[in-house]
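Trainee: What would the 3D arrangement of this be:
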Amino acid sequence: MNKVGFIGGGALAESIVRGISGKLFAPEDIFVCEIRPARCEELSARYGVNASTTADFLSAVDLLIVAVKPKDAEETFAALSGKVPASTLITYTVAGLKLANVEKFLPANKIVRLMPNVAVSVAESMTAYTLNKFAAQDGDTIQKFWSTLGRAVEVDEKLMDAVTGLSGSGPAYAFLMIDALSDGGVAAGLSRAAAIELAAQTLLGAAKMVLASGEHPDVLRDKVTSPAGTTIEGVRVLERGGVRSALIEAVLAATEKSKNRCS
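Mentor: So this is what the prediction gives:
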C-alpha cells in the first residue's frame, strides 16, 4: 500500500497518523479530509500530511479510514457511495456500526469494521477487526497496519459487542484500578506522584508478562504469591471484596449496553 486517506481528522485519526507517519507511510502519502479548516492547518503543520476540507483523494488512496462520530456515519457513507474504487480497502472505526449498514451504501467494496481502543494514542491499542466478503484476502494488510499501533486480532462480527465490553471499555477499568491502587499507596504513606507511577508501571509490567510468556494469569500470579506472604494477604482481601466478580460483571454490562445501543 502506497497511500492512505482519512475521513475525519479528530483525536483518533491524529493518533493513527502519528503512529504510521514515517513508518508505514511517508507524510506526503497521508491524506486527511476534515470539515474544520483550522484543524486541517493544524494537522498539516504538525505532521506534514495533506489535510483539506475536501476528499479529492478518494481515487488515489489504497486504504481509506473512516473515523467519524456515530451520528455522522450514515451521512458520511452515503456521501462516499459510488466514489470509492473497488480496489480501495475501506476501514471504519465507528463503534456499533454493523458491516451490513455500511454495505447498503458501498455494496461492492472491500470493507473492514474495526474496534481499536484509546491506547492507540500511545501505539498500544488492542484492535479487533471483521472483514466483509470482498476484503477476505486483506487480513494480512490489516494486521500489519494495526500491529504498528499495538496488537490486532480478527473476530467474528457477532463478537464485536464483547470486544467493546472488554478491550474497548477496558482502559477505563485499568485507569480505575490504577487510581484505586495509588489511593492505597497514598494511604500507606507514599506521595501521590510516586503512588501513581508505581501503580501504572506495575500494571504495565504485569500485562507485558502475560503477553510475553503466554502463560495463564493464574500461573503467573501463583509464581509471585508466597505461602503466608504479603501478596496472598492482599489477594484474600480482593477476593473478599468481590473485585474479580465486579470486573466480570463490568465487561458483561458494557457488552450488553453495546448490543442495545446498536440494535
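
Trainee: doesn't residue 211 make contact with residue 217?
Mentor: No. Judged on CB atoms under 8 Å, residue 217 makes no contact with residue 211 at a distance of 10.8 Å. Backbone N, C-alpha and C define where each C-beta goes, glycine included.

Trainee: pretty sure residue 51 is touching residue 32, no?
Mentor: Yes. Assessed by CB under 8 Å, residue 51 is found in contact with residue 32 at 4.1 Å.

Trainee: tell me the strands in the stretch 101-250 of the chain, going along the chain?
Mentor: Using DSSP state E, counting those that start in this stretch, the strands of the stretch 101-250 of the chain run over 110-115, 125-131, 150-154.

Trainee: May I ask which helix or strand encompasses the residue nearest to residue 120 when sequence neighbours are not counted?
Mentor: The spatial neighbour of residue 120 that comes closest, neighbours along the chain excluded (CB to CB, 6 or more residues apart in numbering), is residue 15 at 4.7 Å. Using DSSP states H and E, residue 15 maps to helix 11-20.

Trainee: what's that helix in contact with?
Mentor: Under the criterion CB atoms under 8 Å, 6 or more residues apart in numbering, residues 4, 6, 30, 32, 34, 43, 47, 49, 65, 67, 93, 116, 120-121, 123, 145, 148-149 lie in contact with helix 11-20.

Trainee: With stretch 175-192 instead?
Mentor: With CB under 8 Å, 6+ apart, stretch 175-192 has contacts from 194-196, 198-200, 202-203.

Trainee: Check which residues of it are buried.
Mentor: Neighbour counts over stretch 175-192 (16 or more other CB atoms under 10 Å) mark 177-178, 181-182, 185, 190 as buried.

Trainee: about what we covered before: please save the CA atoms from the helix holding residue 15 in PDB.
Mentor: As requested, the backbone C-alpha atoms of helix 11-20 are provided in PDB (Å, rounded to 0.1, in the frame of the first residue of the first chain):
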ATOM      1  CA  ALA A  11      -8.300  12.700  18.000                       C
ATOM      2  CA  LEU A  12      -8.400   9.100  16.900                       C
ATOM      3  CA  ALA A  13      -7.300  10.000  13.300                       C
ATOM      4  CA  GLU A  14      -4.500  12.100  14.700                       C
ATOM      5  CA  SER A  15      -3.300   9.200  16.900                       C
ATOM      6  CA  ILE A  16      -3.300   6.900  13.900                       C
ATOM      7  CA  VAL A  17      -1.400   9.400  11.800                       C
ATOM      8  CA  ARG A  18       1.200   9.900  14.500                       C
ATOM      9  CA  GLY A  19       1.700   6.100  14.700                       C
ATOM     10  CA  ILE A  20       2.000   5.400  10.900                       C
END
